[in-house]
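[1] give me a model of this one.
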Amino acid sequence: MRKRHWVRLTKDHLVFSAGHFITFGGNICERIHGHNYRVEVELHGPLDENHYVVDFIALRDSLQAIVNGLDHRMLLPTRHPSIKLVMDEKEVTASYEDRRWVFPRTECVLLDIPNTTTELLAEWIGERLLVALAEKLQWKPEAMKVGVDENHGQWGYCEFS
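    Sure thing, here's the model as predicted:
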């Protein structure tokens, strides 16, 4: 029988509070609102010379740095076909049809995704985690699953394999 190993990281401090809005159904745009997001990750791979898949401390610190970068920010998608972003040194102006919002530039995170759904936030976080682990450990998992919870039980996931 084949054996597989993996680790799962969930911590009370892997959380971030952020504002966002999404669009759906072609022309429905939510009002701006916020969530207290939680993040978890699962990594699959062979055991190394230490008999573990990955160093939990390196994984925890890498994921925490990514999560901290999203905390107390407005999350804005840069690849949405109808949400237009105009920015200068001080402000980001977002517009969707006849609606317009202006945010302090330093309080925004511009995400290279088309919508700020939990699934795409999980993808964005996972891509940065893969880069961080490669830089820190020169290591890449065989598979990875990142989950983002936006409201105590409403999880979106992205799996990398």
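
[2] other SSEs contacting the lengthiest strand in the chain?
    Assignment by DSSP state E gives strand 6-20 as the longest strand of the chain. Packing partners of strand 6-20 (3 or more Cβ pairs under 8 Å, 6 or more residues apart in numbering; DSSP states H and E): strand 33-44, helix 56-70, strand 73-77. Any C-beta I mention is one placed from the backbone N, CA and C, and that applies to glycine too.

[3] pLDDT of the longest helix seen in the chain, averaged?
    Under DSSP state H, the helix in the chain containing the largest number of residues is helix 118-137. For helix 118-137, mean pLDDT is 98.

[4] and after that helix, which helix or strand comes next?
    Toward the C-terminus, helix 118-137 is succeeded by strand 143-149 as the next helix or strand (DSSP states H and E).

[5] list the contacts of Thr118.
    37, 148-150, 154-156 (Cβ atoms under 8 Å, 6 or more residues apart in numbering).

[6] show the buried residues in these.
    37, 148-150, 156 (16 or more other Cβ atoms under 10 Å).

[7] sorry, back to before: so how far is the longest helix of the chain from its chain's centroid?
    8 Å (Cα atoms, centre = their mean, to the nearest Å).

[8] thinking again about what came up before, winner for burial among the helices and strands packed on strand 6-20?
    Ranked by mean neighbour count under mean count of other Cβ atoms under 10 Å, the helices and strands packed on strand 6-20 are led by strand 73-77, which reaches a mean of 21.

[9] what packs against that strand?
    strand 6-20, strand 83-87, strand 91-96, strand 108-111.

[10] for Lys140, which of those is the nearest?
    Nearest of these to Lys140, taken as Cβ to Cβ: strand 6-20 at 14.0 Å.

[11] so which bits of the closest one are buried?
    In terms of neighbour count (16+ other Cβ under 10 Å), strand 6-20 has its buried residues at 7, 9, 14, 16, 18-20.

[12] any stretches of this protein with poor pLDDT?
    Nowhere does the chain drop to pLDDT under 70.

[13] what do you get if the cut-off is 90, keeping everything else the same?
    26-27 (pLDDT under 90).

[14] surely Val53 and His5 touch.
    Yes. Assessed by Cβ atoms under 8 Å, Val53 is found in contact with His5 at 5.3 Å.

[15] identify the contacts common to those two.
    With Cβ under 8 Å, 6+ apart, Val53 and His5 have common neighbours 44-47.
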